[in-house]
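In: Fold the following, please.
(one chain, ligands or ions: 1)
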Amino acid sequence: MESGQFITLEGGEGLGKSTNLHFIKSFLENQGLSVVVTREPGGTPLAEQIRSLLLEERAEAVADKTELLLMFSARAQHLKEVIHPALAQGQWVISDRFTDATYAYQGGGRQMEVSLIQQLETWVQGLFRPDLTFLLDAPISVSMQRVKERLNNDRFEQEQLPFFERVREAYLVQARNHPDRIQVINANQSLELVQQDMVAHLLPLLQK
Ligand code: Z5A
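Out: Purely as a prediction, here's the structure:
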């Protein structure tokens with residue numbers, strides 16, 4: 001019987017997932033909770049190897065189906081080794097991305113069939129879903145501005161504007177389909193206001 005809570009952070013590149021992951025961790029630890037932070041793809045030694053396979057630039061084109069299956073392979077390992085054991089011990093788990101990213105990037109960005117993703121989600125996760133998801137949302141221009149100074153762009157960051165527009169729209173569709181779980185946060189405001197919004201959604205979870 002799982003007793004911790006599972007929180008995920010989602011959104012386009014550079015919108016503050018990593019920054020706010022650390023804020024949420026400190027906030028929860030100050031409430032006396034034990035917190036595990038992790039990320040997808042990745043989170044275990046094997047899943048981190050899969051992450052490298054997925055993100056590295058390579059001469060061979062990666063087939064969309066290969067990419068989708070690798071995302072779920074890494075997720076299966078992550079769930080078994082990290083997420084489920086931590087929750088079972090009463091720890092709270094915060095993940096930088098989870099399955100909503102698959103709907104956004106593989107479903108929206110790569111335009112793969114959503115029903116395929118739904119089938120894999122059910123197969124790999126059963127009924128398991130995050131308790132709370134923060135979707136950091138802003139116009140693509142904001143995201144581009146924040147990441148433009150990076151020297152090494154990964155395989156996803158080399159995509160063109162229409163890809164990122166589709167990713168954003170697919171994330172917003174997920175939020176409309178799961179309004180109780182996914183909280184859309186305006187990432188185009190000061191960090192202070194972003195974090196105020198997050199706290200407002202974390203407080204009810206603490207009362208559960
Ligand atoms: N992927 C996928 O395709 N399918 C899947 O199922 C999964 C993932 C799980 C790796 O993700 C890639 O995997 C990702 C999707 C794909 N593709 N890409 N690209 P990642 O999460 O590791 O990589 P990322 O999206 O590029 O994350 P990021 O660039 O590290 O962004 P971030 O964590 O959201 O942002 P940040 O580092 O916290 O902030 C960026 C900068 O903005 C930093 O200088 C901050 O100080 C600043 N910042 C943040 N918030 C603000 C505000 N509010 N105001 C001003 N400045 C701010």
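In: May I ask which helix or strand encompasses the residue lying farthest from the centre of the chain?
Out: The outermost residue of the chain, judged against the average C-alpha position, is Ala59 (27.0 Å), by Cα atoms, centre = their mean. Ala59 belongs to no helix or strand when assigned by DSSP states H and E.
In: Count the neighbours of the nearest residue to Val147 once chain neighbours are set aside for me.
Out: Nearest non-adjacent residue to Val147, counting by Cβ to Cβ, 6 or more residues apart in numbering: Gly14, 4.0 Å away. Every C-beta, even on glycine, is put in place using the N, C-alpha and C of the backbone. Gly14: 21 surrounding residues under other Cβ atoms under 10 Å.
In: What of the one 5 residues further on?
Out: For Thr19, the count of nearby residues is 14 (other Cβ under 10 Å).
In: What ranges in the protein fall below the confidence cut-off?
Out: Within the chain, the stretches with pLDDT under 70 are 1-2, 151.
In: about what we covered before: didn't the residue nearest to Val147 look like it was pressed against Arg146?
Out: Yes - with contact defined as Cβ atoms under 8 Å, Gly14 counts as touching Arg146 (3.3 Å).
In: Now for the residue nearest the centre of the chain: which residues touch it?
Out: Computing the C-alpha centroid of the chain and ranking residues by Cα atoms, centre = their mean puts Arg97 first, at 1.4 Å. Arg97 makes contact with Thr8, Leu9, Glu10, Lys17, Arg39, Glu40, Pro41, according to Cβ atoms under 8 Å, 6 or more residues apart in numbering.
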